[in-house]
Structure formats: structure tokens, C-alpha cells
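Peer 1: here is a sequence with its predicted model. Questions after.
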Amino acid sequence: MPIDIFTFNKLSLVYETHGTLNAEGTNCILLPTYYTGTHASYARMIGAGRVLDPAKYFIVSPNMLGNGVSSSPSNSGSYANATIANNVHLQHALLKSFGVQQIKLLYGWSMGAMQGYHWAALYPDMVKSLLAVCGSAKCWPLNEVFLEGISAAMGHDGDRAAFGRAYAGWAYSAAFYRNELYKDLGYQTLEDFLKYWEDDHLSFDARDLMAMLWTWKNARISDAELAQIKARTIIMPADTDMYFTVDEARIEASAIPGAELRVLISPYGHCAGAPGRFPAETASIEAAMRALLA
């Protein structure tokens with residue numbers, strides 16, 4: 001599982017690979033990272049006998065710009081806000097340096113899905129299949145309101161604890177909190193769970209959190225651009241996701257030729273799609289992968 005750095009146009013892209021590229025350059029699976037995620041975040045989905053099997057595929061997970069691993073405010077004095085397209089073009093340069101000719105499957109959750117839509121629109125002849133889980137192609141108005149709210153919680157003093165606590169209310173569903181499902185995750189009280197969200201966000205640099213948020217908020221793509229997608233596409237929103245909604249997934253699916261909408265039924269809200277986190281939801285995601293890879 002080599003971890004390396006690719007430098008292009010003064011930007012550093014840190015990535016992890018699993019498996020070996022075939023002679024034709026056609027067995028690549030791309031896993032773009034998501035908000036607060038890193039190359040390690042898809043690890044539970046990868047392994048011998050899994051759908052994402054390194055014995056069959058060349059699996060590449062590039063770190064999104066701004067995530068504190070690739071070029072970010074916390075590690076680069078020259079960092080400038082990066083768009084989704086900036087990320088995609090940099091990742092494209094990385095894959096071409098390997099000799100990749102085709103992305104057999106592009107799978108992403110949340111902002112990883114957002115990058116996937118842009119990848120398939122910007123390089124339609126390269127992306128053969130796309131699985132977008134709990135993520136939209138652009139930042140819709142309710143999504144922007146959510147981002148404005150957590151930005152306000154952060155404030156000018158970089159209050160990451162308040163940011164994390166505010167985020168928790170959107171990440172899961174009403175049923176999750178009503179039925180105290182956080183207890184299944186090892187937290188005995190609601191306060192214990194919220195304290196975990198505080199502590200988790202304290203591990204990030206506030207500048208990086210805001211840089212990734214800027215990328216998310218400024219995601220823009222038109223229906224005409226989505227119509228350029230040639231990839232076989234499965235769009236998988238969660239029925240209880242409060243900011244990447246089923247209605248908006250349906251609108252985007254209607255703009256992509258042949259796209260299939262598969263709704264993920266789950267009480268876990270946006271986090272239903274988190275890679276490898278919940279067994280039933282993971283089984284549904286892997287079934288979609290199998291369909292796309294068949």
C-alpha cells in the first residue's frame with residue numbers, strides 16, 4: 001500500500017495505491033477523499049475477497065487539496081482555495097503519470113462523490129462507471145445554508161469544538177437521535193456523542209476545515225455539463241440525508257444519460273454512506289459496485 005507524493009504546478013498531491021495497473025491501463029479504481037477524510041478512509045472497503053480487491057484492480061486514493069495531507073493552508077504558505085475541478089485536473093495528471101487509460105470505477109462518498117461527478121463530466125471518455133454515494137454534483141441552496149451555519153459556529157477565532165458540535169446535528173437523522181442509536185456506536189449519552197464530535201474536529205487545523213468547506217460551497221456544474229457524462233452511473237442518496245437530499249439527487253440523475261437512482265434506506269442520515277461504517281449500508285454500496293464492475 002504505497003503512499004507517495006505527486007507534485008504538479010507547485011501543488012503536492014499525496015495518494016495511496018493498492019494493487020497493480022494492468023498492461024492496458026484499464027483496471028484502475030479511483031477513490032477521491034471527502035470532507036475530513038484521508039487516503040486511509042476507504043481502508044475498510046479494500047481487501048482480498050472484497051469488491052475492491054487489490055489482486056484484481058489498481059486502486060488509487062488521492063487526498064483532496066486542503067485536507068491537511070495534500071497541499072493545504074496548514075502545510076503550504078502558497079496554498080490558494082481549490083475548486084472541485086482543480087482537484088480533478090490534478091488527479092488526472094497523477095493517473096496519466098501512471099499510464100492509466102481508463103477508470104473502471106470511480107466510487108466516492110460525500111465530497112468524494114462530488115469529485116466523481118466532475119471527473120465524469122470533465123473526462124467522459126476516461127470514466128467508465130461512477131458510483132456517487134450521499135453526495136451531489138453541486139452545492140444546492142439547503143446545503144449552502146448548512147455550510148454557512150457551521151462556518152458561523154467556527155467564527156473568527158477558529159472554534160473547532162463548536163464547529164464539530166454544530167455539524168453533528170446534520171450528519172445523522174432524526175431517527176438516529178430519537179432512537180438513541182449513538183449507543184450502538186459506543187456512546188452512552190447524547191452528550192458523550194457530541195463531545196466525540198468536538199474532539200474529532202479538534203484534530204484538524206481550522207484553516208484546513210475552512211479551505212475544504214470553501215471547495216464544497218463553491219462546487220458548480222451545469223445540467224449541460226452533466227449531460228456530457230458517458231459513464232454508467234449509479235447515484236445512491238440516503239433517504240434520511242439532510243443535506244445531500246434524495247430530491248436533488250433525482251434532479252441530477254435526470255440530467256445524466258442513463259443514470260440509475262438507488263436510494264439507500266437507513267436511519268444513519270448522511271453517515272449511512274460512510275465507507276465500511278455500517279454493515280447493511282455497506283452491503284448495498286458493494287452491490288452497486290458489483291453491478292457497475294460486471
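Peer 2: Cool, got the structure.

Peer 1: so who does the spatially most central residue of the chain touch?
Peer 2: Centroid check for the chain by CA atoms, centre = their mean gives residue 112 as the closest residue, at 2.2 Å. By CB atoms under 8 Å, 6 or more residues apart in numbering, the residues touching residue 112 are 31-34, 37, 133, 135. For every residue, glycine as well, the C-beta is placed using N, CA and C.

Peer 1: which strand or helix spans it?
Peer 2: helix 111-122 (DSSP states H and E).

Peer 1: next one: the helix or strand just after that helix to chain centre, how far?
Peer 2: Going down the chain from helix 111-122, the next helix or strand is strand 129-133, by DSSP H and E. A distance of 10 Å separates the centroid of the chain from that of strand 129-133, by CA atoms, centre = their mean, to the nearest Å.

Peer 1: just the CA trace of the next helix or strand after strand 129-133, in CSV.
Peer 2: Counting by DSSP H and E, the element after strand 129-133 in chain order, helix or strand, is helix 141-154. Only the C-alpha atoms of helix 141-154 are listed here, as CSV (Å, rounded to 0.1, in the frame of the first residue of the first chain):
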residue,chain,number,x,y,z
PRO,A,141,-29.1,26.0,-1.5
LEU,A,142,-30.0,24.0,1.6
ASN,A,143,-26.5,22.5,1.5
GLU,A,144,-25.1,26.1,1.4
VAL,A,145,-27.2,27.1,4.4
PHE,A,146,-25.8,24.1,6.3
LEU,A,147,-22.3,25.2,5.5
GLU,A,148,-23.0,28.8,6.4
GLY,A,149,-24.2,27.6,9.8
ILE,A,150,-21.2,25.5,10.7
SER,A,151,-18.9,28.3,9.4
ALA,A,152,-20.6,30.7,11.8
ALA,A,153,-20.1,28.3,14.6
MET,A,154,-16.4,28.2,13.8
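
Peer 1: and the residue nearest to the centre of the chain, how far is that from residue 152?
Peer 2: Going from residue 112 to residue 152 by CB to CB, to the nearest Å gives 26 Å.

Peer 1: before we move on, what about residue 99?
Peer 2: Residue 99 is 46 Å from residue 152, by CB to CB.

Peer 1: picking up where we left off before, can you lay out the contacts of residue 112 as a markdown table showing neighbour count and pLDDT?
Peer 2: Shown next, in a markdown table, are the contacts of residue 112 (neighbours: other CB atoms under 10 Å; pLDDT from 0 to 100):
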| residue | neighbour count | pLDDT |
| --- | --- | --- |
| 31 | 28 | 98 |
| 32 | 29 | 98 |
| 33 | 30 | 98 |
| 34 | 27 | 98 |
| 37 | 24 | 96 |
| 133 | 30 | 98 |
| 135 | 30 | 98 |
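
Peer 1: nearest to residue 205, of those?
Peer 2: Checking the contacts of residue 112 against residue 205 by CB to CB gives residue 37 as the nearest, at 15.0 Å.

Peer 1: what helix or strand does that closest one sit in?
Peer 2: Per DSSP H and E, there is no helix or strand for residue 37.

Peer 1: would you agree it is in contact with residue 66?
Peer 2: No - using CB atoms under 8 Å as the test, residue 37 is too far from residue 66 to be in contact (11.6 Å).

Peer 1: okay, now the domains of the chain?
Peer 2: 3-138+221-293, 142-211 (automatic domain parsing).

Peer 1: most tightly surrounded among those domains?
Peer 2: Stretch with highest mean neighbour count among the domains of the chain: domain 3-138+221-293 (a mean of 20; mean count of other CB atoms under 10 Å).
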